[in-house]
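Q: how would this look folded up:
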Amino acid sequence: MHRRTQWIASAVGGQLHGTDVAVTAPVVTDSREAETGSLYVARRGENADGHDYLARAVAAGAVAALVERVVPEVDVPQILVEDATWALGELARVHLRELREAGDLKVLAVTGSAGKTTTKDLLRQLLAPTEPTVAPKLSFNNEVGLPLTILRADCDTRFLVLEMGASGPGHIDYLTRIAAPDLAIELMVGHAHMGGFGSIDGVADAKAELVRGLVPGGTAVLNADDPRVAAMASQCPGPVLRFSAQGDEGAHVRARAVVTDACGRPVFLLEGVLPGSDSFSEPVTARLVGAHHVNNMLAATTAALALGLDPAEVAARLSAALPESPHRMDVRDLRVSGARLTLIDDSYNANLDSMGAAVRALGALGAGRPKVAVLGEMLELGDASADIHRQVGAMVAGVGPDLVIALGEEAREYLTVLPTDLPTHHVLDAETATQTLLAHLPQDAVVLVKGSLYSHVHRVADLLVEKGEAR
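A: Below you'll find the model as predicted:
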């Protein structure tokens, strides 16, 4: 972002203390990420006060700060606001408005109970070779991450890809008021963050905030295979395009003849026709692991085609696309403490739907080999938590595991529905989970590591990689 501090103060309704200087590097909320020319946003979090790290940000190169209280001992221009998080969003909103007024920038937004980050990564890989594209790092999909992504866009950006998440009603509505999308992708309505929504219908209504937040005449890309997503068509202000991983002939884009190869990667025919275009049928051989990724690939494809990309080129780019964000169906062969294993690291987050997809991947990749599941607890499920954990346990039982390790208090429920003669262990921290796994690991096993982010089960995957050698 290239803006002067006086412009920033005006945009957010703040008061500039100090001189008017140019911000020429990324806006950051983490002092460790500051660069020469950065604007540092001092947020008050649950566990830390960003103002305490202002001096560190300046030492790293920040030339100005957005603050809720002026820190006089740090000699840097400071823009005083009431709420730094709100001001960050307002700064992004005004910045984006001016970029749209000045050029042909399209905003594409993705939401869904599972698959958002993978779809965002796929869409970036489809669009970036064609036009300058900005997309979020990792899973930057909330009131902090989304503005930070927007503020990376400049006058050359043609496509701005945004991921929008929610843990309660109104969250996506707030994000669309910062960045109303020209095109919205709805992946699925599932059981993520059930504690914040109350019911699956509450999840659906919250996810529909994305299509209700489209610009007038904006395009909605809907999953025809999910009835709750398909029903959102009546709330869309413009054209509706549908995709179907199940091959629905009524969908604009669909997959046919889907199979998975020996490594669990989907192979299929990409077929369909968009309004005003010729029909197409192109082969896709994916490099992502898991048949569930067909849904994500079709969503990204439909958006890319709606933006005018050629179907054959899209299919070729899909076949070359790789996972870009960590802990998402990252499959690698390792040798750890003398044991050979295949690690399926899908540990970034978890809910009933993504757990089911990961367990099916374990069954497919583990065919004919020992199968091990290291399962962190699923969080924010409300009163349904115990029942949903037991449902996942039943799924795991269905693929015939040889060992199951449950990590976290609520993860104990996984084990209650498993066969009594199956070796199981319940632990409370990632280090113990890793030690237990290595002490009981069958030779040449396929090991799934999966759970919610704050179960810290991802540490198990990290420790295996740190201890192991690629083979």
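Q: The closest residue in space to residue 209 that isn't next to it in sequence: which element?
A: The shortest distance from residue 209 to any non-neighbouring residue, by Cβ to Cβ, 6 or more residues apart in numbering, is to residue 172 (3.9 Å). Every residue, glycine included, has its C-beta placed from N, CA and C. Secondary structure from DSSP states H and E places residue 172 in helix 171-178.
Q: Tell me which residues of that helix come out buried.
A: Neighbour counts over helix 171-178 (16 or more other Cβ atoms under 10 Å) mark 171-176, 178 as buried.
Q: where in the stretch 351-471 of the chain is pLDDT low?
A: 471 (pLDDT under 70).
Q: Beta-bridge partners for residue 343, please?
A: residue 332, residue 447 (DSSP bridges).
Q: Test my guess that it contacts residue 447.
A: Yes - between residue 343 and residue 447 there is a contact under Cβ atoms under 8 Å: 5.4 Å.
Q: what residue lies at the spatial centre of this protein?
A: Compute the mean C-alpha point of the chain, and by Cα atoms, centre = their mean the closest residue is residue 117, 2.6 Å away.
Q: Take the helix or strand residue 361 falls within, keep the C-alpha atoms, and write them as PDB.
A: Assigning secondary structure by DSSP H and E places residue 361 in helix 352-365. Output in PDB follows, covering the C-alpha atoms of helix 352-365 (Å, rounded to 0.1, in the frame of the first residue of the first chain):
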ATOM      1  CA  LEU A 352     -17.900 -33.100  11.000                       C
ATOM      2  CA  ASP A 353     -17.700 -32.600   7.200                       C
ATOM      3  CA  SER A 354     -14.000 -32.100   6.900                       C
ATOM      4  CA  MET A 355     -13.300 -35.000   9.300                       C
ATOM      5  CA  GLY A 356     -15.400 -37.200   7.100                       C
ATOM      6  CA  ALA A 357     -13.400 -36.200   4.000                       C
ATOM      7  CA  ALA A 358     -10.100 -36.800   5.800                       C
ATOM      8  CA  VAL A 359     -11.100 -40.200   7.100                       C
ATOM      9  CA  ARG A 360     -12.200 -41.300   3.600                       C
ATOM     10  CA  ALA A 361      -8.700 -40.200   2.400                       C
ATOM     11  CA  LEU A 362      -7.100 -42.300   5.100                       C
ATOM     12  CA  GLY A 363      -9.200 -45.300   3.900                       C
ATOM     13  CA  ALA A 364      -8.200 -44.700   0.300                       C
ATOM     14  CA  LEU A 365      -4.500 -44.100   0.800                       C
END
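Q: residues making contact with that helix?
A: Residues from elsewhere that reach helix 352-365 (Cβ atoms under 8 Å, 6 or more residues apart in numbering): 113-115, 188, 190-192, 260, 263-264, 289-292, 329, 331, 342, 344, 346, 350, 371, 373, 375, 378, 388, 391-392, 395-396, 398-401, 446, 448, 450.
Q: So what's the gap between it and the chain middle?
A: 18 Å (Cα atoms, centre = their mean, to the nearest Å).
Q: which strands and helices sit next to the first helix or strand past it going along the chain?
A: Using DSSP H and E, the helix or strand that follows helix 352-365 in sequence is strand 371-376. Applying 3 or more Cβ pairs under 8 Å, 6 or more residues apart in numbering; DSSP states H and E, we find strand 371-376 packed against helix 352-365, helix 385-398, strand 403-407, helix 430-440, strand 445-450.
Q: Tell me which of the ones you listed is the most buried.
A: strand 445-450 (a mean of 28; mean count of other Cβ atoms under 10 Å).
Q: What is it packed up against?
A: If you count contacts as 3+ Cβ pairs under 8 Å, 6+ apart, strand 445-450 packs onto strand 339-346, helix 352-365, strand 371-376, helix 458-467.
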